[in-house]
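> Everything below, folded, please.
(chains A and B)
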Protein chains: 2
Amino acid sequence: MTRLRFHKSLDELKEKLLVVAGMAEQSIQRAVEAYRTRDLSICDLVDRGEMAINRLEREIDQMALDLLAMEQPMAIDLRFILAVIKINADIERVGDSAVNIIERVRELQAYPVCDLPIDIPRMADLAAAMVRKALQSFIEADARMADSVLAMDDSVDKLNETIHYALLNVMRDTPQYTPQALGALVIARSLERVADHATNIAEDVIFWVQGYDVRHKTSLGNGAGR
Amino acid sequence: MTRLRFHKSLDELKEKLLVVAGMAEQSIQRAVEAYRTRDLSICDLVDRGEMAINRLEREIDQMALDLLAMEQPMAIDLRFILAVIKINADIERVGDSAVNIIERVRELQAYPVCDLPIDIPRMADLAAAMVRKALQSFIEADARMADSVLAMDDSVDKLNETIHYALLNVMRDTPQYTPQALGALVIARSLERVADHATNIAEDVIFWVQGYDVRHKTSLGNGAGR
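Numbering: from 1, shown residues only, chains lettered A, B, ... in the order given. Sure, this is the predicted structure:
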């Protein structure tokens, strides 16, 4: 494989990663839409999406492995490929969180809808924005943007705490709504988990970009970043 | 670096991974002990352990990266190092789950202890056993043992569901115990997450070992496992 073809393969790898990330983000938004509307047909879409995400995850892993095995890439490309492998694993688990959410939506069908003093769609938007921004920081190799994802995680954690206590009060004051409140609480925790995966991705980007910087500054050439 | 020294480094990498896995498993057991006894001094131990786990995680990552960068290992060693990198990430998150548990333990201090119809220590033992077995399957490159971890995950999921519904009933029937029941429910979910990480590790072991088998059967030499 020529260097040119090798770099084309790296671009293809990045492209595939963006596709699977887009699918995972869509799954989260669909799952929350299913919660909001109690529309079970959306749940089925999420299930099918999960299978597609898993297939693509394996494909990306295999492609990354093949590139490492056949090309013995230089340190900078090596770091990039390793970042892809790690980010890929986190994205697949964002898909898992979407499945966890629709499992709760299906259970909640047994109970009447009730008004809860919390905003799940807002939390979902925040978590999805974090995933999007983490991926963007990866594409642009922008450690500062990745840093801003870490700051967003604090907001999500705070929102999750607020939701937790609001729902605790609902359960105590109106125990007849406990199943609905508990369902919402578990969904909020799944979204917090999505935010954690975005944070992991951002940390990998920082690690990758810093290695890049160090390599360029010192010309050590091994890219180990020390 | 000679081949001999290279293989010594791989052994060292494996050794470090086992150390961090042991620390993570201990953190889980300590966190549940803190829950059982409401002993906050154990919570502090878990906090300190978490910092040590994070440091070791970075060290393992860097060592793996250096080996890849400097040695351009053959496919079979490449697969091994990639498995280490992935397993390492899951182990660090087992440590995170322990921290999530002690956060709840600290909050629960505000409420009187009450008897709940669930068995958190049993669930913790199961989850910790899964982590241990997943690591053992890695050391012994035993895909069948890794498979048995996947089966154990079903038991943990079932146990988690049982706990979920038992606590839902506690909350509905005795709303004054809602904070305690909710704390236990969140801790059970953290343990289920530990089991998920063990499952991820087992899947990585299967992927790694199968590549190994395929390589040996076909003598393709690229270890890509296809």
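> can you list the residues of chain A near chain B?
Contact residues (Cβ under 8 Å from any Cβ of the partner chain) of chain A with chain B: A:61-62, A:65-66, A:68-70, A:72, A:75, A:78-79, A:82, A:85-86, A:89, A:96, A:168, A:171-173, A:175-176, A:178-179, A:182, A:185-186, A:189, A:196, A:200, A:207, A:222-226. No exception for glycine: its C-beta is placed from N, CA and C like everyone else's.
> distance between stretch A:42-56 and the chain's centre?
15 Å (Cα atoms, centre = their mean, to the nearest Å).
> buried stuff in it?
Neighbour-count burial for stretch A:42-56, with 16 or more other Cβ atoms under 10 Å in any protein chain shown as criterion, is recorded at A:42-43, A:45-46, A:49-50, A:53, A:56.
> Among the residues you listed, name the ones in helices.
Among those, the members found in helices (DSSP state H) are A:42-43, A:45-46, A:49-50, A:53, A:56.
> Which secondary structure elements does the least confident helix or strand in chain A by mean pLDDT sit against?
Lowest on mean pLDDT, DSSP states H and E among the helices and strands of chain A sits helix A:178-218, with a mean of 85. Helix A:178-218 sits against helix A:3-37, helix A:75-108, helix A:120-139, helix A:143-173, helix B:143-173, helix B:178-218, with contacts defined as 3 or more Cβ pairs under 8 Å, 6 or more residues apart in numbering or on different chains; DSSP states H and E.
> Any idea which of those gets closest to B:I101?
helix B:178-218 (5.1 Å; Cβ to Cβ).
> got the angle for that closest one vs helix A:75-108?
Compare the direction of helix B:178-218 with that of helix A:75-108 by axes from the mean of the first three to the mean of the last three Cα atoms, to 10 degrees and you get 130 degrees.
> Can you give me every residue that contacts A:E107?
Taking Cβ atoms under 8 Å, 6 or more residues apart in numbering or on different chains, we find A:E107 in contact with A:179, A:183.
> Oh, that last question was meant for A:S137, not what I typed.
Contacts of A:S137 (Cβ under 8 Å, 6+ apart): A:143, A:145-146, A:149, A:202, A:205.
> between those residues, which is closest to A:R104?
Closest to A:R104 out of the contacts of A:S137 is A:V149 (26.0 Å), distances taken as Cβ to Cβ.
> where's the least confident helix or strand of chain A relative to the chain centroid, distance-wise?
On Cα atoms, centre = their mean, the centre of helix A:178-218 falls 7 Å from that of its chain.
> If you compare the directions of it and helix A:143-173, what angle comes out?
Comparing the axes of helix A:178-218 and helix A:143-173 via the same axes, to 10 degrees yields an angle of 170 degrees.
> Tell me which residue of chain A is positioned farthest from its centroid.
In chain A, the greatest distance from the average C-alpha position (Cα atoms, centre = their mean) is reached by A:D173, at 34.8 Å.
> Tell me who's in contact with that one.
If you count contacts by Cβ under 8 Å, 6+ apart, A:D173 has them with B:P175.
> Closest one to B:V113 out of the ones in helices among the buried residues of stretch A:42-56, please.
Proximity of these to B:V113 (Cβ to Cβ) peaks at A:C43, which lies at 38.9 Å.
> how close does the nearest residue to the closest one once chain neighbours are set aside sit to chain B?
Excluding the flanking residues, the one nearest A:C43 by Cβ to Cβ, 6 or more residues apart in numbering or on different chains is A:I102, at 4.2 Å. When distance is defined by Cβ to the nearest Cβ, to the nearest Å, A:I102 is 16 Å away from chain B.
> cool, and A:V19?
For A:V19 relative to chain B (Cβ to the nearest Cβ), the value is 21 Å.
> who are the neighbours in contact with that residue?
Here A:V19 is in contact with A:L56 (criterion: Cβ under 8 Å, 6+ apart).
> Now a PyMOL select for only the buried ones of the residues of chain A next to chain B.
The buried residues among the residues of chain A next to chain B can be selected in PyMOL (16+ other Cβ under 10 Å) with this line:
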select buried, chain A and resi 61+65+66+68+69+75+78+79+82+85+86+89+96+168+171+172+175+178+179+182+185+186+189+196+200+207+222+223+224+225
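> Just give the closest residue to A:L116, not the sequence neighbours.
In space, A:L116 is closest to A:A184, 5.5 Å off (Cβ to Cβ, 6+ apart).
> Ok, A:D196 next?
Using Cβ to Cβ, 6+ apart, the nearest residue to A:D196 is A:D153, at 7.2 Å.
> Might one say that that neighbour is in contact with A:V131?
No: at 11.4 Å, A:D153 does not count as touching A:V131 under the criterion of Cβ atoms under 8 Å.
> more crowded one of those two?
Legend: neighbour count by other Cβ atoms under 10 Å in any protein chain shown for A:D153 and A:V131, higher for A:V131 (25 against 19).
> Distance-wise, check the more buried one relative to A:I53.
Distance of A:V131 to A:I53, computed by Cβ to Cβ, to the nearest Å: 13 Å.
> Now stretch A:7-21: buried residues?
A:9-10, A:13-14, A:16-17, A:20-21.
> Over the helix or strand A:L65 falls within, what's the mean pLDDT, rounded is fine.
Using DSSP states H and E, A:L65 sits in helix A:40-71. The average of the pLDDT scores along helix A:40-71 is 94.
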